[in-house]
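Engineer: no sequence on this one, just coordinates:
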């Protein structure tokens, strides 16, 4: 049984337990080494992750200095002669620079424009009342994410072939008279890339928004119902403002990754016939670095991309902080 208060004071059983002097306000802090011993199992697990990150993420960064050198694979990095910013200047003056950046920014900006689609999909998926039907839609939409681009690339190449299902459907509907070699025509490449990426990742991208929606208090929807709000009004005035923070964070990350063009997808679907539309910066780094063995030049291109991505991240983060008080840091 709980003890009653006497003379306006809390009984000993009801007083908060802490280490320190209540009157002076001083708290006895546990030494760091004692905390480590107490949490040794968790700390060991965390330490393994830190060691892994140092070995595979930080130590290899030493090799980035070859961007400022003329590196030869037969000699150590330390013996490579310094060339300063020559590799960066060469890339900016390269004839490929314009159309590599055009393809990269074109594909990435279109993907950025369709950024709201997973949000819309999550909003409508959340409105489905039938649990069985909702799970079926989720399973169907998530499934392509778990297939590699090697598998999906083979499927798309078959579908888009001259005798593939896409040409057969279009000819049956009298949309076209002759089969089209979609992957051989540069003008179709961006559409294929955007559409296939949306097909593969739409359902998976909606997961984090669905998770944010589930954290919304039902009382907010009940209050909106009492005020006479319909389903669409609840989505617009309750759901969207509540998950605004999640949307902002993911949009910041999307902006910072605007120079990423999904290398796996590009590598699988590109060929020499659509090179003018498929040669993006990631593939150009792969081609010049591994296939042409120009390691210093490709490292400089990769570093150029990383610096631009960092600048975009800082700008997007600052703009988001000013507009809605949401930011990564």
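Structural biologist: Yep, it's here. Just so it is clear, the model here is predicted, and its values are computed rather than measured.

Engineer: how long is stretch 82-96 end to end?
Structural biologist: This stretch, stretch 82-96, spans 25 Å end to end (C-alpha to C-alpha, to the nearest Å).

Engineer: what do you get for stretch 57-64?
Structural biologist: 12 Å.

Engineer: same thing with stretch 49-68?
Structural biologist: Rule used - C-alpha to C-alpha; the end-to-end distance of stretch 49-68 is 31 Å.

Engineer: check the offset of that stretch from the chain's centre.
Structural biologist: 22 Å (C-alpha atoms, centre = their mean, to the nearest Å).

Engineer: the stretch 1-150 of the chain: strands as residue ranges?
Structural biologist: 20-21, 26-27 (DSSP state E, counting those that start in this stretch).

Engineer: ok, the closest residue to residue 103 other than its chain neighbours - contacts?
Structural biologist: Setting aside the residues directly before and after it, residue 103 is nearest to residue 280 in space (C-beta to C-beta, 6 or more residues apart in numbering), at 4.9 Å. In short, each C-beta sits where N, CA and C put it, glycine included. Residues near residue 280 by C-beta atoms under 8 Å, 6 or more residues apart in numbering: 100, 103, 104, 107, 261, 263, 266.

Engineer: gap between residue 280 and residue 72?
Structural biologist: For residue 280, the distance to residue 72 (C-beta to C-beta, to the nearest Å) stands at 28 Å.

Engineer: thinking again about what came up before, which of the strands of the stretch 1-150 of the chain has the lowest mean pLDDT?
Structural biologist: Among the strands of the stretch 1-150 of the chain, strand 20-21 carries the lowest mean pLDDT, a mean of 51.

Engineer: where does this structure have low pLDDT?
Structural biologist: Across the chain, the ranges flagged by pLDDT under 70 are 1-28.

Engineer: I'd say residue 200 and residue 145 touch.
Structural biologist: Yes - between residue 200 and residue 145 a contact is recorded at 6.0 Å, counting by C-beta atoms under 8 Å.

Engineer: who has more neighbours out of these two?
Structural biologist: The neighbour count for residue 200 versus residue 145, taken as other C-beta atoms under 10 Å, is higher for residue 200 (20 against 14).

Engineer: next one: the longest helix anywhere in the chain to chain centre, how far?
Structural biologist: Across the chain, the longest stretch assigned as helix under DSSP state H is helix 295-324. Taking C-alpha atoms, centre = their mean, one finds the center of helix 295-324 at 14 Å from the center of the full chain.

Engineer: can you pull the buried residues of that helix?
Structural biologist: 295-305, 309, 312-313, 316-317, 320 (16 or more other C-beta atoms under 10 Å).
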